[in-house]
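Asks: fold the following for me, if possible:
(3 chains)
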Amino acid sequence: MPHRPRRPAQRHRRAAALLGLAALSVVAACSSAPAPDVLSAPRSTPLGTAVVGAQGQPVLDATAPAGSAAPTGPATGPGVPTGAATSSVGPTGRPSASAAVQAGAGTRAPAATVAGGGTTPASGGGTAAAAAGPAPARSTLFTAGEDSIGITPTSLRMCAHAALTYGKAFNTDTDDLNVFWTALNAESNGINGRKVEVTYENDNYSPDTAVQAATTCVSKKIFMLLGGIGFDQIPAVRNYVERSHTLYLHHSATVEGSAGQRYSFSELPTVERLGEGFAQLAASKFRGKRIGIIERDSANWKPGVTAFKAAAARYGLTVVADVAVPASAGNYTGPITTMKNANVDVVWIWLNALESTQVIKQMKAQLYSPNIMAFPFNLTTQTLGDDALGPPLDGVAMYPAYSRGDYSGTFASYADDMKQFEGQYARYRPNADLSGAGGDLLFLNWTAQKALAVQLALCGKDCTRNRFVDVLTGYRGTPTSSACPIDFPGSDGYRGANQVTFMSSYRAPGGAVNWRETRKCVAP
Amino acid sequence: MTAVSLPAVLAGRPGVPRVVVALLLAAVLPPLAGATPLLSEPHALLLTGACVTAMAALSLNLLLGYAGQVSLGQYAFVGVGAFTTGIVTGVADLRLPWLLGLLASAVVGAGLAFLVGLPALRLRGLYLAVVTIAVAYAASESLFRIDAIGGGSAGKVVPRPYVGDTALASNASILAIGLVLLVLLWRADVNLTRSRLGRALRVIKADESVAASFGVDVARYKLLAFSLSGAIAGIAGCLNGTAYGTVTGAGYGYAQSLALLVVVVVGGLGSRGGVVAAAFVVTLYPEVLLSIVGDGIRGVDLVINGVVLMAVVAFQPRGYAGAMADARERRRARQGGEPPLPPTRPSLPDLGRPSGMPTPRRIHRGEPVLHGSGISVAFGGLQAVDGAGLRVDRGTIAALMGPNGAGKTTLFNALTGALTPDAGTVHFLGEDVSSLAAHRRAARGMGRTFQLIGLAKAETVYENLLIAQHLAAPYGVAAALTTLGSRAWERDLRDRADATMDGLGFGRYRDTPVGRLSHGQQRIVEIGCALVTSPELLMLDEPSAGMSPAAAEDLASTLIDIRDTLGRTILLIEHNIPLVLATADELYVMDAGRVIADGEPLEVVGRPEVVRAYLGQEVSA
Amino acid sequence: MGQVLLLGLIQAGIYALFAVGIVFVYRATRVLTFAGGEIGTASLYVAALVSTRAGLPWGVGALAAVTSAVLLGAAFEFLLVRRAVDADPVVLSILTVGLALTLLSVETLAFGSSPQGLAPPFRGGVELAGIVLSPTMIASLVVAAALGLGLQSALRRTDFGLGILAAAEDPAAVRLVGVPLARIRLVVWSASAGPAAVAALLVEPTVGFVTPGYASTLYLGGLVAAVLGGLTSLSGAVIGAVVLGLTESVAQRLFGDAGIPNLNYVVDLMLLLLALVGRNALPGLVAWIYPPPPAAPTSTPVAEEIPA
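Replies: Residues are numbered from 1 along each chain as shown, chains lettered A, B, ... in the order given. Now for the predicted structure:
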């Protein structure tokens, strides 16, 4: 039965990452603490208390009539494999779901059946709640023994690795990160009657510790492992989950090094896509201007720059200067001078949030005020204050902007999410400081959790890991108003989302300088 | 299994970790045999991490604890090992055996450490520390980030080892490998410390000139220490990469090196048991704390580490092992000391030249054993020795006297090779040894003692006698680490040491650290050490300094004994005129860098120029 | 080219500030301190709490910074260094590593990554060769040199200073002569924290704000500079810093695009090796500029002539 596609409202991805790609991969070089990341929120995406569909019906109730977001994918059966052969092989060449392969090992079988089954599904296919008896899952990634780990009729257990070390400073502990799930469990009896339990293991920004954290998570018999931001950490955990057959949903990472991996999924743009996104921003706003890049001298950051340059060439942008700096260099007078010498009009700062803030501050001290593109975190703008407004900063993100209490302008399209978020925190964690430098981090964590909850709900009462893989890889839609669309069937089967959001700094009512969106969900 | 007490385990008595290891293996073997594992995957991984730290700690202990070389960048070597494993075993489709990766890691680790050791030869303590920090940064930030080595943004993947066609998937199996490696390295360390290699390192750490006088090629052994340390660190890196599966430069930098330093200092520099125990404790306690206290404790463990490091360094710099050793000492002291040894006249056995050492050159009658001529040494603007020379004939005792500042010790050092003169030649047993380093002259048969007692003060009398025979047991590193081919030599050394101790009557001081003996006793031990390899020429720098007149008399008899019974040649620096008159056949007098008189002692002391330069009995220093 | 040199001098100013503190501690105690950067950072946090949050002027904050650093140094000596007084310098250097680690982890626990800063007392600056030199940038090298000379004179020319130097060389002998060793040590460790705070106060405006460990990479430069200058010469520290800063800047200009990741660390290492293994070059130059006191005679004086 066809149903109206859900309005592709703004969407946000699971913004697991907090302070930006930049900040966190810092584990680098210093004997001192790595540039800390304010919150390393995991990318688990607990749903909001009650996600409502377009008609206002609760989405998470599996027995609800097919609404805009209700899952009514075609019933699938084992007879579809041949159809699967035609389905998505992504540009990165992930193994296509060929019949032979499907019969044997559990490869991804993204979307084939959904595409074959109908043209309308805005949300993924998957189990039909109302269908007669649970149909077997298409995905064969997990064996029968592995399929139902971490999920019972009354509970769903997940675990996230994240850099928790700096949480204390913001009075952010794991309870602050779990408000969404707490509310969901208390107010909607979880998802499909299952209470959701999410725990966190500290990965301390280090790849080895991340593997340890992931191993500990897996030993708790979880349904799914969630990966918080971390350029170094995610590749290490990706390798681990291949070995241990764990379902892994992670934050942005590079495409590089991920060939052949089947157990990892991501609904956030890759590092390379982000680089390209910055080039798109430059093309949309700064065409004809001279562009300079200040980048982190590290293999983890390089793919972003490479993608930027390739895209810049396509758009006819001129990159006139490119300086690489070590982590936490402190004094950026040299690179700034290089930018000045080259008469750069727009500087793209490809560093973590703290470093970016330092660079911008030093630029002002050098009486140099070019346009700036950087990662949009309120930490940066609130620290800089007025320096972030003359001219306003521009940024590219894979999460929504947040400014407490401001529902006007570009915030209006997802004000419902913001209000729900603030309401839940008021009820469950009233001491959390949503207006401060951590507010946007908490919000992006929250929206990501909500988006995940929507997908978990679609998995239905007979949810298993394989079925969830079906849901995930067949998902095409926008789970929350603050999110950007996800389109797994149209992707390489691993990374289902590639839209970024442009932002710009502004003075919020109340005086703080925050970010707000200027263009949401920009496709490549 | 023998019953052993925990303190003994931690004190590093060899053989004891078998207990610990046996227990852990019991936990690890069931999964290998197909039974349910006793250790969960995360726990196995955590313990493997502790193993890695323990191995890295052993490597740093060797370099810093045994050889005294300050290395604050040890993780550069660990990282090199990890990346090497990744490069070797990760070569696509080749599926090279993991053991090859292990071997390569050890070799490359040794290689890098050797390179770092080269400049270290000329650097002391804190300068070396800064260089090693710079090496740590350069390795983790530059070297490991080169794509070919570092594997790009995703790091270097290290596949699991294969046994036949199956990969060793469980962490418990990797832990088993790690434990086996740890035990092997432990044994090698035990063998090392008991071998001439270990003794050489200890004496280098104590005093490099003393080491050279015993024939230790200081430069070579320092480089050896670096290389061995690097090899062990490389092996640790291999295990680390294998356990976690991915290697990135961020994991092997200065921060990790500092954390390792904490482990080694807290455990006790120089104690293998202490550092291994500390490695396990420091790795495991945050987890234990976390499970007891909960989330609130996150980040606090770093504060604890810092505070504990400071407390240990301030209150017990020798770490946990030091605390245990002190406790043992106090227990022994409480058991009552022994009455002091009545002074005896030592009689030194004629042991003959050790079979491991070349026989000294034969010279004709009338050829001097030692002949130095035209020797000049200047320090800055000061001319310490100015065209001095002397000759010593076989079977005689020659004495060198002069006021303080006359240049006697400087001339001595030029003759023994402890320093290189600006001009002049030295002929020993007819051979021109002017360009040879001190340890080479020692090998040819020159033995010497030092003004301030040239012994490793922290070592026991027995150990010093063994160290002194460094050149008498010419076996190499492989033999030292495995004890294959070294046992006969060691037995030989021990026999000679025993004979010397009996002769000296110092049997009861066998295990006493030399520093605890009285000055006179130390001097006797020192002479015994100088003689144990039957050198042709014995050069003694103020042997009677600090001795009572009675002891000095005994010394005189001993020296005459050495000349007459053992047939040796002696050159003395002395201030004690009665001693000189009683023993010397020839007397040289120096003043202001020149030899101003030489000849028959009784006659020389009466000469006016001698009287003028140096009058009367000087109180010994 | 002028820019390259100027950039190098700006960085050199930062290094020099740290290096002077390092050399002072070394001369006064034979210990290489690794804690200078963290002491400075901690003092700035105190200053930020006192001044910025309370809205007080910069001077108050600066005073708070220096005071808290001195108190920290005194506490460090009283509680810890005093117990380890007979340990060898390498061990004591490790003690300072412990201090650095402790301060760092406490700051992280207390403040996380949230930036703190002192509003600088002045804005703007002088423009030279296209670079705006803030007053603190200009002041850095000057203050470092002045501190160096000042401390040098205090050590050499005052009685107390000579006592400090003597105590560093031979504590046992000094004790016998009646020099108050305990007081000297307390003064030295408290005083040595002062330059650390000053360094942080002058460096922080350039960087922008303070976060735990912001000073680590910069402090490494200070260590390298101190060693380049010979570790025993305060003026050498400044010269070493200038050499290091200029070399890094020139290397960056010439080889920055050569594909060596994080070139600066390689430059640091090579300079160190060159200077240390060819060790006499730089300190020799320094010694020529500022001759050290004549070396103490190594043997006792020759006995006086007594007429026959």
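Asks: parallel or antiparallel, list what pairs with the lengthiest strand in chain A.
Replies: Longest strand of chain A, by residue count under DSSP state E: strand A:513-522. Sheet pairing of strand A:513-522 (DSSP bridges) gives strand A:500-507 (antiparallel).
Asks: how many neighbours does the closest residue to chain A within the stretch 151-300 of chain C have?
Replies: Among all residues of the stretch 151-300 of chain C, residue C:213 sits closest to chain A, at 1.9 Å; criterion: Cβ to the nearest Cβ. Heads up, the C-betas are built off the backbone N, CA and C, glycines and all. Residue C:213 is flanked by 28 other residues according to other Cβ atoms under 10 Å in any protein chain shown.
Asks: mind listing what's buried in stretch B:216-232?
Replies: Within stretch B:216-232, the residues scored as buried using 16 or more other Cβ atoms under 10 Å in any protein chain shown are B:216-219, B:221-232.
Asks: out of the residues you listed, which are inside strands?
Replies: Within the buried residues of stretch B:216-232, no residue falls in strands by DSSP E.
Asks: and of these, the nearest to chain A?
Replies: Using Cβ to the nearest Cβ, those come closest to chain A at residue B:232, 19.2 Å.
Asks: am I right that residue A:199 is in a strand?
Replies: Yes: counting by DSSP: H, G, I helix; E, B strand; the rest coil, residue A:199 is located in a strand.
Asks: that one against residue A:217, yeah?
Replies: Yes: the criterion here is Cβ atoms under 8 Å, and residue A:199 meets it with residue A:217 at 7.4 Å.
Asks: those two: which has the busier surroundings?
Replies: Taking neighbours as other Cβ under 10 Å, residue A:199 and residue A:217 compare with residue A:217 leading, 27 against 17.
Asks: chain B contacts on the stretch 151-300 of chain A?
Replies: The stretch 151-300 of chain A comes close to chain B at residues A:164-165, A:167-168, A:173-174, A:202, A:205-208, A:211-212, A:215-216, A:218-219, A:231-232, A:235-236, A:238-240, A:243-244, A:254, A:256-258, A:271, A:297-300, as judged by Cβ under 8 Å from any Cβ of the partner chain.
Asks: which residue ranges form the helices in the stretch 501-621 of chain B?
Replies: Counting by DSSP state H, counting those that start in this stretch, the stretch 501-621 of chain B has helices at residues B:519-531, B:549-564, B:577-583, B:601-604, B:608-613.
Asks: least confident of those helices, on average?
Replies: In terms of mean pLDDT, the lowest-scoring of the helices of the stretch 501-621 of chain B is helix B:608-613 (a mean of 83).
Asks: other SSEs contacting that helix?
Replies: Judged by 3 or more Cβ pairs under 8 Å, 6 or more residues apart in numbering or on different chains; DSSP states H and E, the packing partners of helix B:608-613 are strand B:586-591, strand B:594-599.
Asks: let me have those in a markdown table, adding distance to chain A, mean pLDDT and mean neighbour count as columns.
Replies: Listed next are the helices and strands packed on helix B:608-613 as a markdown table, based on distance: least, Cβ to the nearest Cβ, whole Å; pLDDT from 0 to 100; neighbours: other Cβ atoms under 10 Å in any protein chain shown:
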| stretch | distance to chain A | mean pLDDT | mean neighbour count |
| --- | --- | --- | --- |
| strand B:586-591 | 54 | 91 | 24 |
| strand B:594-599 | 56 | 90 | 18 |
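Asks: so which of these comes closest to chain C?
Replies: With Cβ to the nearest Cβ as the measure, strand B:586-591 is the member of the helices and strands packed on helix B:608-613 nearest chain C (8.5 Å).
Asks: partner strands of that closest one, with direction?
Replies: Counting by DSSP bridges, strand B:586-591 is paired with strand B:397-401 (parallel), strand B:594-599 (antiparallel).
Asks: if we can go back for a sec, mind putting the helices and strands packed on helix B:608-613 in TSV, distance to residue A:368 included?
Replies: TSV is the format used below for the helices and strands packed on helix B:608-613 (distance: least, Cβ to Cβ, whole Å):
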stretch	distance to residue A:368
strand B:586-591	73
strand B:594-599	72
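Asks: and the residue of chain C nearest chain B?
Replies: residue C:102 (3.1 Å).
Asks: repeat for the stretch 251-400 of chain A
Replies: Here the stretch 251-400 of chain A gets closest to chain B at one residue, residue A:257, 2.3 Å apart by Cβ to the nearest Cβ.
Asks: looking at this, that residue is in a helix?
Replies: No: applying three-state DSSP, one finds residue A:257 to be coil, outside a helix.
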